[in-house]
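# A structural model of the following input is requested.
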Amino acid sequence: MIVVMGATGTIGRELLKRLIELGVPTRALSRTPEKLQMLMGERAASTVEVAAAEASDPESLRTAFTGANQLFLSLSNSPDQVELETAMIRIAAEAGIQHIVKISSPAYDGKAPVAVARWHQEIERTLLESGMKNTVLRPYAFMQNLLRFAPTIQTQHVFFGAMGETACNFIDCRDIADVAAEALTHPEKAGRVYTLTGSEVFSYSQIASKLSELLGRPITYINKDSEALRRDLMEYGNMPEWLASHVVEIQLMSVTIPEKPTDDVWRVLGREPRQLDAFLQEHSEKFR
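Residues are numbered from 1 along each chain as shown. Coordinates of the predicted model:
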């Protein structure tokens, strides 16, 4: 039995689809199980058990982990992340979970400090010390996060960042989910750290050019000072300060530490990662 923690998240939803296709017994956890059941539909009924659980409620987690031997762990980033995930790892060990697949972040580097990466580093340390078999997935920027630029692209034909002309890694969350499914269903692929990227790097200016061609109108990337971007994310994007700081920090990381693709997706899946061009084409209506 595989427990999926974060079943309603961007990666968790895609992982559930894969596990349903494979017919693997799965327990999907949610604070709102009725809503999750509706999202999955009738097809999931034979292989997926939906259970109520809350990351901050140890008793609900102990119940949810009972009888399972694997855990997919993916929580939304938050200032409580270290506390929640380390507690969850300890509860999982006590409950008899034998293998955890954790969604992490690119490795922490002091040359370009990213607070969230430091949190994940601490959680990874707890996971390693737990003695359980563990698979750590360290994905770079999600292609799906580009959809957050849609409102200003639609209304102003622009989007904003603080990366200059730096090229960075992007990956489709569906590829992350596919790698997670492989690690959960093929023991020989588990127990490793995978750094997940697409097969190419792109700057925001290059993405603007791709969108211009796709949409048939000029789309412009406007580079901002990092502090100006942080203020705008809080004021216009309604982001809490920690999240706005995180967005700025990961962009500064890309500027400071050159990024290049890895072949980890290919090594696990035996195919190339999904392409950015295909992703933008698939979601073109959201940018119009």
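
# from now on I want contacts and neighbour counts done on CA atoms only, so please keep to that.
Fine.

# list phi and psi for K102.
phi -110, psi 130 (degrees, to the nearest 10).

# surely it touches T135?
Yes. Between K102 and T135 there is a contact under C-alpha atoms under 8 Å: 6.3 Å.

# pLDDT of stretch 221-241, averaged?
Averaged across stretch 221-241, the pLDDT comes to 90.

# contact partners for A177?
I11, G12, E14, L15, R18 (C-alpha atoms under 8 Å, 6 or more residues apart in numbering).

# so what's the residue count around H283?
12 (other C-alpha atoms under 10 Å).

# repeat for R271
Neighbours of R271 (other C-alpha under 10 Å): 10.

# tell me the contacts of it?
V265.

# helix or strand for it, which one?
Under the criterion of DSSP states H and E, R271 resides outside all helices and strands.

# distance check, it against V179.
Noted for R271: a distance of 11 Å to V179, by C-alpha to C-alpha, to the nearest Å.

# overlap in contacts of those two?
With C-alpha under 8 Å, 6+ apart, R271 and V179 have common neighbours V265.

# residues in contact with stretch 164-171?
139-143, 196-198, 200-205, 223, 254-255, 258-261, 273-274, 276.

# so which of those are in strands?
Judged by DSSP state E, the subset of these located in strands is P139, A141, F142, L196, V201, F202, N223.

# and the residue nearest to the third one when sequence neighbours are not counted, how close does it get to I219?
Among residues not flanking F142 along the chain, I171 sits closest, at 5.1 Å (C-alpha to C-alpha, 6 or more residues apart in numbering). Distance, I171 to I219, by C-alpha to C-alpha: 22 Å.

# neighbour-wise, which one of the ones in strands among the contacts of stretch 164-171 leads?
L196 (28 neighbours).

# what pLDDT does that residue get?
pLDDT, L196: 97.

# how about the residue found closest to it once you drop the neighbours it is linked to in the chain, what does it touch?
Distances taken as C-alpha to C-alpha, 6+ apart put P139 closest to L196, at 4.4 Å, once the chain neighbours are dropped. Under the criterion of C-alpha under 8 Å, 6+ apart, the neighbours of P139 are I103, S104, S105, P106, I171, I176, T195, L196, T197.

# pretty sure the second one sits against L137.
Yes. The pair formed by S104 and L137 meets the contact definition of C-alpha under 8 Å, at 5.7 Å.

# name the residue in these two with the higher neighbour count.
More crowded of S104 and L137, by other C-alpha under 10 Å: S104, with 26 against 23.

# list the contacts of that one.
A117, H120, E124, V136, L137, R138, P139.

# give the other helices and strands that the host helix or strand of the second one contacts.
Under the criterion of DSSP H and E, H120 resides in helix 115-129. Packing partners of helix 115-129 (3 or more C-alpha pairs under 8 Å, 6 or more residues apart in numbering; DSSP states H and E): helix 81-95, strand 133-139, helix 241-256.

# after the least confident helix or strand in the chain by mean pLDDT, which helix or strand is next? Please name it.
Within the chain, no helix or strand scores below helix 33-40, which has a mean of 68 by mean pLDDT, DSSP states H and E. Per DSSP H and E, the first helix or strand lying C-terminal to helix 33-40 is strand 48-52.

# what's the mean pLDDT across that next one?
On average, strand 48-52 scores 84.

# residues contacting the following helix or strand past it, please?
Going down the chain from strand 48-52, the next helix or strand is helix 58-65, by DSSP H and E. Here helix 58-65 makes contact (C-alpha under 8 Å, 6+ apart) with 3, 27, 29, 51-55, 88, 91-92, 95-97.

# got any ranges where the protein has weak pLDDT?
By pLDDT under 70, the low-scoring segments of the chain are 34-35, 37-46.
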